[in-house]
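[1] Need coordinates for the below:
(chains A and B)
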Number of protein chains: 2
Amino acid sequence: MAQSTEQTGGGVAEPSATPRRRRPGGRTERIRAQVLDAVGAELAERGYDALTLDTVAARAGVHRATVYRRWRDVGGLLADFCAATADDDWQPEDTGSLEGDLAALNRENLAALTVQPSIAAALLAASFRSEEAARGLRRLWADRYARCEIIVARAVRRGELPPATDARRLLVTATAPLYHEVILLGTPPGLDPDLPGRAARTAVLAAGAGAFSRPTPANDPSEGLS
Amino acid sequence: MAQSTEQTGGGVAEPSATPRRRRPGGRTERIRAQVLDAVGAELAERGYDALTLDTVAARAGVHRATVYRRWRDVGGLLADFCAATADDDWQPEDTGSLEGDLAALNRENLAALTVQPSIAAALLAASFRSEEAARGLRRLWADRYARCEIIVARAVRRGELPPATDARRLLVTATAPLYHEVILLGTPPGLDPDLPGRAARTAVLAAGAGAFSRPTPANDPSEGLS
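    This is a model prediction of the structure:
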């Protein structure tokens, strides 16, 4: 369990960050933290198929009845695991440049996906099995992308990007190739060590060419007609 | 079954194209085609969990013993399904421009992922369950991306791209955001109807800014030293 709880706080959809998770005091919250740590560790080490309320209760050192009463089933555990992961203080790294920030984000995402065992990879796989895991993970992605918009805001402040930049499109362009290669195409991450940096650079070059500029009253002809 | 066999021949990793699959004559090949059609239809309509050799044999109208002898298990069926899907004559559409070709490819991929029922989406989900399905799907992706390199070659011939363009990186940049949004982030495709075209445009803008240019002896300083 140590290894999984030591994973660094996540990039986009990186479900770990246990050390940084906010933990209000109280026995109820302590039990929740123990149970969700066990969920992450079991998921990463043994996968969705081996995940049961009994194994989680045993690993957490919490009474089975408590786990059944509070989380009901594996879907309930996974949904709460995602919710708790989103409830952390993760922020994207501030490197001083747009390309640096996007590359750091990609490196963090890659590390989360390739650490052994990887909670992030296991949760992605579980999202194809459990509708509750899928919903929870999607909310987690949405939260992570929203937090990453600060990368774009900082670049706008530095004059690296025009104010009317579609942050979400830029962020998806910068991060999608890494997930595509590693998760869907199964490209071994060692095969292309520059992938995080290159995907970042590509998004910055596209941004410089106006790919993510939102129409503004000044440059959208349809606005002029109204 | 009709619907699944009528899906159009695939874009990247689109596993259907039954009508275009090459079918050498002979009873053995005919039985294989019947069985693999049934695999695709069962997978799309009922998913990996419901896929058994018995249901496939019944749907295909083929004797159970034949299916067990030839494909052994569900993994064997899925591996052969991927192999047969790759053995078609699919080619990316030639629209006359790089952006048009990439947008057409994205629209084809989106259609394959969102048709109901979708063999492509079901096979993607199955690849998180079965190592044989994962290997088969990865070979299929590799084959599809290799075929799509003709899009880049045509653009080079038209003078839209420099000769030393990394085709694979350009293709992944153009196609990854769509898979990321639809498969991983769960963005409803109707929410953003311009996604296929915009992802294509972004890749073209990045290409114009040199994002996919390979170093050549003329512009790589390290080459000059040798």
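[2] pLDDT weak spots in chain A?
    A:1-24, A:217-226 (pLDDT under 70).
[3] let's see 90
    Along chain A, segments meeting pLDDT under 90 span A:1-27, A:49, A:188-193, A:215-226.
[4] Please list the residues of it that sit near chain B.
    Residues of chain A found near chain B (Cβ under 8 Å from any Cβ of the partner chain) are A:13, A:124-125, A:128-129, A:134, A:138, A:141-142, A:169, A:172-173, A:175-177, A:179-181, A:183-186, A:198-199, A:201-203, A:205-206, A:208-212. All C-beta atoms are positioned from the backbone trio N, CA, C, and that covers glycine.
[5] Which stretches in chain A count as helices?
    Secondary structure of chain A, counting by DSSP state H: helices at A:2-5, A:27-46, A:53-60, A:64-71, A:74-86, A:98-114, A:119-126, A:131-157, A:167-179, A:195-208, A:221-224.
[6] Let's have these in CSV, adding mean neighbour count.
    Formatted as CSV, these follow (neighbours: other Cβ atoms under 10 Å in any protein chain shown):
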stretch, mean neighbour count
helix A:2-5, 14
helix A:27-46, 19
helix A:53-60, 18
helix A:64-71, 15
helix A:74-86, 23
helix A:98-114, 21
helix A:119-126, 24
helix A:131-157, 19
helix A:167-179, 25
helix A:195-208, 23
helix A:221-224, 8
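[7] quick one: which of those helices is nearest B:Gln34?
    Nearest of the helices of chain A to B:Gln34, taken as Cβ to Cβ: helix A:119-126 at 31.6 Å.
[8] So which bits of stretch A:211-218 are buried?
    A:Ala211, A:Phe212 (16 or more other Cβ atoms under 10 Å in any protein chain shown).
[9] And the closest residue to A:Val35 other than its chain neighbours, how close does it get to chain B?
    Closest residue to A:Val35 apart from its sequence neighbours, by Cβ to Cβ, 6 or more residues apart in numbering or on different chains: A:Ala60 at 4.6 Å. According to Cβ to the nearest Cβ, to the nearest Å, A:Ala60 and chain B sit 26 Å apart.
[10] returning to that earlier point: right, so of the helices of chain A, which gets closest to B:Asn109?
    Closest to B:Asn109 of those, according to Cβ to Cβ: helix A:167-179, at 13.2 Å.
[11] Return the backbone torsion pair for the residue lying closest to A:Leu170 once chain neighbours are set aside.
    Among residues not flanking A:Leu170 along the chain, A:Phe212 sits closest, at 4.5 Å (Cβ to Cβ, 6+ apart). Taking degrees, to the nearest 10, you get phi -110, psi 10 for the backbone angles of A:Phe212.
[12] hang on, the earlier thing: my read is that the residue nearest to A:Val35 contacts A:Arg32, right?
    No - when contacts are counted by Cβ atoms under 8 Å, A:Ala60 is not listed as touching A:Arg32 (9.6 Å).
[13] now A:Leu78: how far from B:Leu110?
    A:Leu78 is 28 Å from B:Leu110, where distance means Cβ to Cβ, to the nearest Å.
[14] Chain B versus A:Arg64, what's the distance?
    Applying Cβ to the nearest Cβ, the value for A:Arg64 to chain B is 26 Å.
[15] no, scratch that, I was asking about A:Gln91
    Taking Cβ to the nearest Cβ, one finds A:Gln91 at 20 Å from chain B.
[16] ditto for A:Ala79
    Following Cβ to the nearest Cβ, the distance that separates A:Ala79 from chain B is 14 Å.
[17] isn't that residue right up against A:Ala134?
    No - using Cβ under 8 Å, A:Ala79 is not in contact with A:Ala134, being 9.7 Å away.
[18] Enumerate every residue touching the closest residue to A:Gln34 other than its chain neighbours.
    Spatial nearest neighbour of A:Gln34, excluding adjacent residues (Cβ to Cβ, 6+ apart): A:Ala60 at 4.3 Å. The contact partners of A:Ala60, by Cβ atoms under 8 Å, 6 or more residues apart in numbering or on different chains, come to A:Ile31, A:Gln34, A:Val35, A:Asp37, A:Ala38, A:Val67.
[19] how much space between A:Glu131 and A:Val56?
    Counting by Cβ to Cβ, the gap from A:Glu131 to A:Val56 is 19 Å.
[20] That concludes my questions; thank you for your assistance.
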